[in-house]
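[1] Just need the structure, nothing else, for what follows:
(one chain, ligands or ions: 2)
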Amino acid sequence: MVPAYVPNPVAALCGGGTPIDFNRNYSDGRRILGDGKTYRGLVCGVLAGIAVGALQIWLAGTCGWSFLPQHTAASILLLSFGALLGDMGKSFIKRRLGKNRGDSWPIADQYDLVVGAFVMMLIFDPAWILSNITLPILIVILILTPILHRAVNIIGYLSGVKKEPW
Ligand code: CTP
Ligand code: MG
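    Ligands and ions are numbered 1, 2, ... in the order given. Purely as a prediction, here's the structure:
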């Protein structure tokens, strides 16, 4: 899951500039995604996810770290892009529910990346999910994700990178 966990904090670090929705509103008069989803955040986040995934592939190959998952070019791309796609899907629904950018939306804010990454994997590389995401691993992901999410966001808040600690 590392290639899926890295894109969000990196997007928060280097995001900004042109919003993905180009400042446009949806038919309900609210922003499509909002200012919290930018092209720079998306590109930097996905590239960072791919970079750590590539490092994992390299470590598994050269150092023989067989405890690492069987990552491929497709799996690291789908996990990192899927994570931010899930994040965007969540923002789209958040705006439709009338929540402003940065408002807290418990559960959705924490699991958006897991849903996005798994949906992309299930569509384009279901065999990878079946052979790598076993039930115990899924349970660990479901427990670890909100804890990591909260911890990283508190660090982001205290260091001034994020405006909210969630
Ligand atoms: N970010 C970005 N581009 C993305 C994702 C995130 O630039 N594709 C940056 C934005 O600066 C954003 C920050 O990362 O404010 C934190 O991300 P997140 O908490 O997901 O966004 P919010 O600002 O809370 O917006 P939303 O309410 O839509 O989730
Ligand atoms: Mg947020």
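
[2] For the rest of this, base every contact and every neighbour count on C-alpha atoms.
    OK.

[3] Quick check on residue 32: phi, psi?
    Residue 32 adopts backbone torsions of phi -60, psi -60, taken as degrees, to the nearest 10.

[4] distance of it from residue 139?
    Look at residue 32 and residue 139: by Cα to Cα, to the nearest Å, they are 33 Å apart.

[5] Over to residue 41?
    29 Å.

[6] and if you look at residue 11?
    Distance, residue 11 to residue 139, using Cα to Cα: 26 Å.

[7] who has more neighbours, these two?
    Higher neighbour count among residue 11 and residue 139: residue 11, with 23 against 11, using other Cα atoms under 10 Å.

[8] Surely that one touches residue 39?
    No. Using Cα atoms under 8 Å, residue 11 makes no contact with residue 39, being 9.3 Å away.

[9] Low-confidence ranges, this protein, go.
    Scanning the chain for pLDDT under 70 picks out no residues.

[10] Which residues of it lie near ligand 1?
    Proximity of the chain to ligand 1 (Cα under 6 Å from any ligand atom) is limited to residues 11-12, 15-16, 34, 36-38, 41-42, 91, 100-103.

[11] Now with 5 Å, please.
    Applying Cα under 5 Å from any ligand atom, we find that the chain lies next to ligand 1 at 11-12, 15-16, 36-38, 41-42, 91, 101-102.

[12] Buried by neighbour count, from the residues you listed: which ones?
    If you count burial by 16 or more other Cα atoms under 10 Å, the buried members of the residues of the chain next to ligand 1 come out as 11-12, 15-16, 36-38, 41-42, 91, 102.

[13] Now flag whichever of those is closest to residue 155.
    For these, the closest approach to residue 155 (Cα to Cα) belongs to residue 12, at 11.7 Å.

[14] Which strands or helices does the helix or strand containing that closest one pack on?
    Taking DSSP states H and E as the criterion, residue 12 maps to helix 7-14. With contacts defined as 3 or more Cα pairs under 8 Å, 6 or more residues apart in numbering; DSSP states H and E, helix 7-14 has these neighbours: helix 39-62, helix 73-96, helix 135-158.

[15] any idea how far the last one is from the chain center?
    Averaging C-alpha positions (Cα atoms, centre = their mean, to the nearest Å) puts helix 135-158 12 Å from its chain's average.
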